[in-house]
Structure formats: C-alpha cells, structure tokens
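A.B. asks: return atomic coordinates for the entry below.
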Amino acid sequence: MKEVDKLIRDNIPEILDKKWIPYEIWYTNNENKKEYIKRKIQEEINELLESESIEEVADTLEILRKFCEIMWYSQDEVEKIRQQKNKERGWFKKWIILKKLWE
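C.D. replies: Sure, this is the predicted structure:
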C-alpha cells in the first residue's frame, strides 16, 4: 500500500471501487482543512506548470475556489479586488520583466 495523505475529489472513492482498487479514507476536520487545501493547491500548480493543459487549469481554478470558500472569501469579493488591483497596478498585458531593482 502506498501512503498518499491528500485531499481528493468527492467521486474518487467510487472510481476506485469500480476499478477494484483498495483504499483507506477519512474526513478531515475544520482544523486540518486549511493544511490539506494548501497542499492540494501546490499539487495542482505543480501539475499545471508541468503539463500546461487546460484540464490542469480547470483543476487549479476549482481548488482555488474551494480555498476561497473555506476562507470565507466570496468570489464576488475576490473579483472586485482583482479588478481593483488591475486598475491600480496594471494587468499583465505588456509582459514587462523586472530585471534589477536598486533600493
């Protein structure tokens, strides 16, 4: 048996059952949710950077939405802040690369 210890999507147990793959699961409590979701965000970002696939973009967006939910951030609030930051600091349209900074 391989140790995994990661957050999975809700239908994964049924998928494993159909494939006759044995597994062990448990349901996290509120104290552990943030830890597990942060690890899942990192996993999805790594997969996205490696594959650059649209499926990984979708997975990353899904887990970020779940993070907002457990942090009690509304998607409207996040969108408002995103737009405000774009207005104040700019977008990423010009592809400007900061090479050096003297302070």
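A.B. asks: Asp59 contacts Glu44, correct?
C.D. replies: Yes - between Asp59 and Glu44 there is a contact at 5.0 Å, judged by CB atoms under 8 Å. For every residue, glycine as well, the C-beta is placed using N, CA and C.
A.B. asks: and the helix or strand containing Lys34, what does it pack against?
C.D. replies: Lys34 is part of helix 30-51 when elements are defined by DSSP states H and E. Secondary-structure packing of helix 30-51 (3 or more CB pairs under 8 Å, 6 or more residues apart in numbering; DSSP states H and E): helix 54-70.
A.B. asks: average pLDDT for the helix it packs on?
C.D. replies: Regarding helix 54-70, the rounded mean pLDDT is 96.
A.B. asks: orientation of that helix relative to helix 30-51 in degrees?
C.D. replies: Counting by axes from the mean of the first three to the mean of the last three CA atoms, to 10 degrees, helix 54-70 lies at 160 degrees to helix 30-51.
A.B. asks: contacts for helix 54-70, please.
C.D. replies: The list of residues contacting helix 54-70 from outside it, by CB atoms under 8 Å, 6 or more residues apart in numbering, reads 33-34, 37-38, 40-41, 44-45, 47-48, 74-75, 78.
A.B. asks: same thing but 10 Å
C.D. replies: Applying CB atoms under 10 Å, 6 or more residues apart in numbering, the external contacts of helix 54-70 come out as 7, 9, 30, 33-34, 36-38, 40-51, 53, 73-75, 77-78.
A.B. asks: what's the PyMOL line that selects buried ones from the residues you listed?
C.D. replies: To isolate the buried ones among those in PyMOL, judged by 16 or more other CB atoms under 10 Å, type:
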select buried, resi 7+33+37+40+41+44+48
